[in-house]
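*Asks:* This is a predicted model, with the sequence first.
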Amino acid sequence: MIYIDIQYVQGESIFTRVNREIKQSEYLKEDIETEVIIVGGGVTGATLAYYFTKNNINAVILEKSRIAHGSTSITTSLLQYELDSNVGELKTHTSEDNIIKSYELGLKALNEIKEFIKEYGNRCDFQIADSFLYTAKDIEKKQIEEEYKFRRKAGFPVEFIDENKNPFSFNIKAGLLSIEGGAKLDPYKFTHDLLNESCKKGLKVYENSEVIRVDYSEKGVTVETVYGHKVKGKIIIVATGYNTELFTKRNFGIKTTTFNIATKPINNIKEIYKSVVVRDNEDPYNYLRTTSDNRIIIGGEDINFIPEIFNEELCNKSYDKLEQRLKNMFPHLNIDVEYRYCGAFASTQDNLGFLGKDPKNSKLWYGLGYGANGILYAVLGGMMLSKLYLGEEVKDLKLFDVGRFDS
Ligand SMILES: Cc1cc2nc3c(=O)[nH]c(=O)nc-3n(C[C@H](O)[C@H](O)[C@H](O)COP(=O)(O)OP(=O)(O)OC[C@H]3O[C@@H](n4cnc5c(N)ncnc54)[C@H](O)[C@@H]3O)c2cc1C
């Protein structure tokens, strides 16, 4: 039986269905002690656990349902160093220096995943790709040009593609190719891989162990799970994705419902599409990637979150629009859609997630990869929060400061 976080994920996710071999962990059956309590067994919880255990810090993961069955099961897993918005829009919320720093951190996180693969082997279909941002509208050409000039000036390897040099089967008016600025992977396999390696170093993972209560004291924090057992730790890290109500009243971002469809394997996809991840400049934008077995996953067509995520008719409209878009983009391919799924998504003004301590409670930490680069933020969270725990100064955490929008 497959359990999903019913409120936050809907439909048949590709990644929990194509990956049949599922390793299951026990639920918590006794009271235990640890240093770091990580709540949430998605890609973020797993990545945090990987870096904490790598740094010899005792950690436990408590997952309410099954590992990687929340947003992690439906992410498109298209990794890009760039942010969701272009520089023109971002500059109204943050500085140019911060934007460049965010791009650099995105590349750093990509590189970390490369290193992980180098060390443990590629068991999650990881592939480095170029990242392509484009518009099919004359009126938006200037935005792409501005983004291109900004990144080139800052030293990122980019190429400008105009409509006369278009190597793709779909219309473009202007495009920006970031050389090796992206990647793709199977998020379900990646999460399990991170956990397998961390368990070898002492991580304890408990599935079907929902945290229902949190109590803080001078010494640390105690959580109670659904079957009455307790975990004592020094800190708690909330890695529960878009569902944070139990831990804080903070409102972290604007929630929407976002959609994915995945095709059946297609035997004549051109090579060019296998080594590039694509995003358009629409608002909300659409994005696509291929998989290792030659499927195409396309995402986008966002609508409001609650109650729209439960409105089948509205959701079907978004799925149908994505399918039509794909057929228009690839008129020569036999597009046969196999999976349709959607889920909550949260965006922030500066497109960055929240990593670090609660401003009012030093034992309450967050690992929330909001924005489109959630997986890269999970990696940065793991790297930076484990250092912070060890008492190091981590300057880059400022960008992800939990209280940065507090007035
Ligand atoms: C359709 C879609 C496409 C996306 N595409 C991309 C993309 O291309 N690239 C990218 O980088 N990001 C993308 N994202 C974002 C990405 O999916 C998320 O950043 C990432 O999956 C979040 O992982 P997570 O581990 O934080 O959350 P989740 O995977 O949701 O994990 C949180 C876990 O916490 C558990 N939990 C909740 N409450 C409790 C509790 N009280 N006790 C115990 N456990 C609890 C849940 O059961 C869940 O398993 C996309 C998101 C969506 C919805």
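*Replies:* Arrived safely, thanks for sending.

*Asks:* Now Arg152: which helix or strand?
*Replies:* helix 141-153 (DSSP states H and E).

*Asks:* centre of the chain versus that helix, how much separation?
*Replies:* Taking Cα atoms, centre = their mean, to the nearest Å, one finds the center of helix 141-153 at 25 Å from the center of the full chain.

*Asks:* Next secondary structure element downstream of that helix?
*Replies:* strand 158-162.

*Asks:* what does the average pLDDT come to for that next one?
*Replies:* When pLDDT is averaged along strand 158-162, the result is 96.

*Asks:* before we move on, the earlier item: what lies in contact with the helix holding Arg152?
*Replies:* Residues outside helix 141-153 that contact it (Cβ atoms under 8 Å, 6 or more residues apart in numbering) are 82, 86-88, 96, 99, 103, 133-135, 158, 160, 173-176, 178, 281. Yep, even glycine has a C-beta here, placed from its N, CA and C like the rest.

*Asks:* for stretch 93-109, same thing?
*Replies:* With Cβ under 8 Å, 6+ apart, stretch 93-109 has contacts from 79-83, 87, 90-91, 150-151, 154, 156, 181, 349-352, 373, 376-377, 379-380, 383, 396, 399.

*Asks:* Could you do stretch 162-181 as well?
*Replies:* Against stretch 162-181 from outside (Cβ under 8 Å, 6+ apart): 80-82, 107, 128-138, 140-141, 144-145, 147-148, 151, 156-161, 270, 272-273, 276, 278, 328-332.

*Asks:* What subset of those residues is buried?
*Replies:* Among the contacts of stretch 162-181, those classed as buried by 16 or more other Cβ atoms under 10 Å are 80-82, 107, 128-137, 140-141, 144, 147-148, 151, 156, 158, 161, 273, 276, 278, 329-330.

*Asks:* Does Glu12 touch Val337 like I think?
*Replies:* No. Using Cβ atoms under 8 Å, Glu12 is not in contact with Val337, being 10.8 Å away.

*Asks:* care to break the chain down by domain?
*Replies:* 9-74+188-251+351-400, 130-182+253-347 (automatic domain parsing).

*Asks:* circling back to that earlier point, more neighbours, Glu12 and Val337?
*Replies:* More neighbours surround Val337 than the other of Glu12 and Val337, with 18 against 15 (other Cβ atoms under 10 Å).

*Asks:* Was I right to think that one contacts Glu323?
*Replies:* Yes. Contact criterion Cβ under 8 Å: Val337 and Glu323 qualify, at 5.5 Å.

*Asks:* hey, what's in contact with both of those two?
*Replies:* Listed as contacting both Val337 and Glu323 by Cβ under 8 Å, 6+ apart are Ile261.

*Asks:* What residues does the residue in the chain that the ligand sits nearest to make contact with?
*Replies:* Closest contact between the chain and the ligand, by Cβ to the nearest ligand atom, is at Gly374 (1.7 Å). By Cβ under 8 Å, 6+ apart, the contact set of Gly374 is Val43, Thr44, Ser71, Thr75, Gly353.

*Asks:* Buried ones among those residues?
*Replies:* By neighbour count, with 16+ other Cβ under 10 Å, these hold Val43, Thr44, Ser71, Thr75, Gly353 as buried.

*Asks:* so which of the residues you listed also contact the ligand?
*Replies:* Filtering the buried ones among the contacts of Gly374 for proximity to the ligand by Cβ under 6 Å from any ligand atom leaves Val43, Thr44, Ser71, Thr75.

*Asks:* pLDDT wise, what is Glu21 at?
*Replies:* For Glu21, the predicted pLDDT is 62.

*Asks:* actually Asn122, sorry about that
*Replies:* Asn122 is given a pLDDT of 98.

*Asks:* what about it, helix or strand, and which?
*Replies:* Asn122 is part of no helix or strand when elements are defined by DSSP H and E.

*Asks:* Stretch 317-331 near the ligand anywhere?
*Replies:* No. On the criterion Cβ under 6 Å from any ligand atom, stretch 317-331 is out of touch with the ligand, staying 10.7 Å away.

*Asks:* Go through that stretch and flag the buried ones.
*Replies:* Ser318, Tyr319, Leu322, Glu323, Arg325, Leu326, Met329, Phe330.

*Asks:* Reformat those as a markdown table; add pLDDT and secondary structure.
*Replies:* Shown next, in a markdown table, are these (pLDDT from 0 to 100; DSSP: H, G, I helix; E, B strand; the rest coil):
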| residue | pLDDT | secondary structure |
| --- | --- | --- |
| Ser318 | 96 | helix |
| Tyr319 | 97 | helix |
| Leu322 | 98 | helix |
| Glu323 | 98 | helix |
| Arg325 | 96 | helix |
| Leu326 | 97 | helix |
| Met329 | 96 | helix |
| Phe330 | 96 | coil |
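
*Asks:* Pick out the most distant pair among these.
*Replies:* Maximum pairwise distance among the buried residues of stretch 317-331 (Cβ to Cβ): 19.0 Å, between Ser318 and Phe330.

*Asks:* From the buried ones among the contacts of Gly374, which land in strands?
*Replies:* In strands, judged by DSSP state E, none of those are found.

*Asks:* So which of those sit within helices?
*Replies:* Among these, the members falling in helices (DSSP state H) are Val43, Thr44.

*Asks:* Widest-spaced pair of the buried ones among the contacts of Gly374?
*Replies:* Thr75 and Gly353, at 13.5 Å, using Cβ to Cβ across these.

*Asks:* which residues sit against the helix or strand of the chain with the lowest mean pLDDT?
*Replies:* Every helix and strand of the chain was ranked by mean pLDDT, DSSP states H and E. The lowest is helix 87-90, at a mean of 88. If you take Cβ under 8 Å, 6+ apart as the criterion, helix 87-90 is touched by Leu83, Glu96, Ile99, Gln143, Glu146, Glu147, Phe150, Arg151, Asp350, Asn351.

*Asks:* Distance from the chain centre to that helix, please.
*Replies:* 21 Å.

*Asks:* Run through the residues of the stretch 151-300 of the chain sitting next to the ligand.
*Replies:* Residues of the stretch 151-300 of the chain lying close to the ligand (Cβ under 6 Å from any ligand atom) are Glu210, Val211, Ala239, Thr240, Gly241, Asn243, Leu246, Thr258, Asn260, Gly299.

*Asks:* can you list those residues in JSON lines and add neighbour count and secondary structure?
*Replies:* Shown next, in JSON lines, are these (neighbours: other Cβ atoms under 10 Å; DSSP: H, G, I helix; E, B strand; the rest coil):
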{"residue": "Glu210", "neighbour count": "18", "secondary structure": "coil"}
{"residue": "Val211", "neighbour count": "22", "secondary structure": "strand"}
{"residue": "Ala239", "neighbour count": "31", "secondary structure": "coil"}
{"residue": "Thr240", "neighbour count": "27", "secondary structure": "coil"}
{"residue": "Gly241", "neighbour count": "26", "secondary structure": "coil"}
{"residue": "Asn243", "neighbour count": "16", "secondary structure": "coil"}
{"residue": "Leu246", "neighbour count": "15", "secondary structure": "coil"}
{"residue": "Thr258", "neighbour count": "26", "secondary structure": "strand"}
{"residue": "Asn260", "neighbour count": "25", "secondary structure": "strand"}
{"residue": "Gly299", "neighbour count": "27", "secondary structure": "strand"}
